[in-house]
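S.K.: 3D model of this:
(one chain, ligands or ions: 1)
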Amino acid sequence: MSGVLVITEQRQGAWNKMSFEAVAAGLELAKLIGATCSAAVFGSGISTLTTDLAGKRLEKIYSVQHDLLADYTADGSVIALEHAIKQAAPDYVVFPHTYQVRDFAPALATRFGQVLISDVIAIHEGPVFVRQLLQGKLNADYRPTALASSATPCFISVQAGTFSADSVETGQAEIVPVELTLTADQIRNQPGERFRESAQTVDLSAAPLIVSVGRGIKEEENIAIVQELADALGAELAASRPICDNGWLPMERQVGSSGQTVAPKLYLAVGISGAIQHLVGMKGAKTIIAINKDENAPIFEIADYGVVGDLFEVVPALTKAILAAKS
Ligand SMILES: Cc1cc2nc3c(=O)[nH]c(=O)nc-3n(C[C@H](O)[C@H](O)[C@H](O)COP(=O)(O)OP(=O)(O)OC[C@H]3O[C@@H](n4cnc5c(N)ncnc54)[C@H](O)[C@@H]3O)c2cc1C
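M.R.: Numbering: from 1, shown residues only. Got it, this is the predicted structure:
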């Protein structure tokens, strides 16, 4: 047994972009343990995706292809990936923590007599895997001690936005087909309609610039001040949960653990305190600017730049300065 195997996720030939975050996590783990990192793609009609993944700095790409994997089923995924893991014989199996992974990965880990260490936010020397408990109030370290004496791998999934997909370098990996025996009678589930978190008309996850507003805005009619700043910057407008709960902005604009996960180049947080449920949705932003009148607001702990001041003074002045600079 050796190294790390990342299980990627795709749907109808299109990547789930969290796959590359999992690849970044897998590469980081492989570096920590001084091992190689490979990846697996599974589904039907996945040759283009397999070639795409082979262009990354990975050791091998395990291609798990079968007509019965065209639509997602938990049984099909477990059986297919059991074959792939037995063939690749990794020490660690890394997944993106998607809804699909939550559905099948615990059952897959159980087939190897293991559990899934889910929603990991950091990997340290050891390796030690860090998970959040009690809505992020505590961080817990998990060290899989059984591994040294076990012939089975350790299974982990990584939280969205935690590892940077941009850090994955290009390279040339060897493509290895996985021998797979799978019959229709082994699949007990009927593929149904896929779960969607919300009917998103705005894909904030793809926005390069986001201006996000929180309860500091006080009244619905004041949202216009922040909208003007977003317009001046050419940014999308987003919000913390109370703003969406109040119906001041649609739910699809909510950022956080029960909203969207975003990773823009710039995230400008206006009147947002920085509760953990908000931070998990935006901490992957390249640059974070916070405007808050409370110098002790937790948002300043992760902000690259902070303005301690009244948003009703700072935001209009900023908008004016941006418009002046553009004209
Ligand atoms: C299960 C669960 C899931 C959740 N999911 C999410 C989620 O997905 N997204 C999310 O955002 N939250 C979520 N929450 C809620 C979260 O815990 C916080 O309550 C919320 O993020 C707080 O929003 P806020 O920062 O806008 O408001 P507050 O915490 O009330 O902060 C307002 C901030 O505005 C500042 N302020 C006030 N007036 C001004 C002014 N004039 N100028 C400048 N600054 C000013 C204040 O100093 C304060 O820091 C969730 C909670 C739970 C329990």
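
S.K.: immediately after the lowest-mean-pLDDT helix or strand in the chain, which helix or strand?
M.R.: The least trusted helix or strand in the chain, going by mean pLDDT, DSSP states H and E, turns out to be helix 276-282, with a mean of 89. Past helix 276-282, heading to the C-terminal end, the next element that is a helix or strand (DSSP states H and E) is strand 287-292.

S.K.: That next one - what's its average pLDDT?
M.R.: Across strand 287-292, the average pLDDT comes to 98.

S.K.: For that strand, which helices and strands make contact with it?
M.R.: Other elements packing on strand 287-292 under the criterion 3 or more CB pairs under 8 Å, 6 or more residues apart in numbering; DSSP states H and E are strand 266-270, helix 299-302, strand 305-308, helix 311-326. In this view, the C-beta of every residue, glycine as well, is placed from N, C-alpha and C.

S.K.: I'd like these written out as a markdown table, with mean neighbour count and distance to the ligand added.
M.R.: Compiled in a markdown table, the helices and strands packed on strand 287-292 are given as follows (neighbours: other CB atoms under 10 Å; distance: least, CB to the nearest ligand atom, whole Å):
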| stretch | mean neighbour count | distance to the ligand |
| --- | --- | --- |
| strand 266-270 | 26 | 7 |
| helix 299-302 | 17 | 7 |
| strand 305-308 | 16 | 9 |
| helix 311-326 | 15 | 4 |
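
S.K.: Contacts only, for residue 211.
M.R.: Applying CB atoms under 8 Å, 6 or more residues apart in numbering, one finds that residue 211 lies in contact with 226, 229-230, 233, 235-238, 268, 270.

S.K.: ok so it is a helix residue?
M.R.: No. With DSSP: H, G, I helix; E, B strand; the rest coil as the criterion, residue 211 is strand rather than part of a helix.

S.K.: what about the helices in the chain?
M.R.: Secondary structure of the chain (DSSP state H): helices located at 18-33, 47-54, 74-88, 99-111, 223-233, 241-245, 276-282, 299-302, 311-326.
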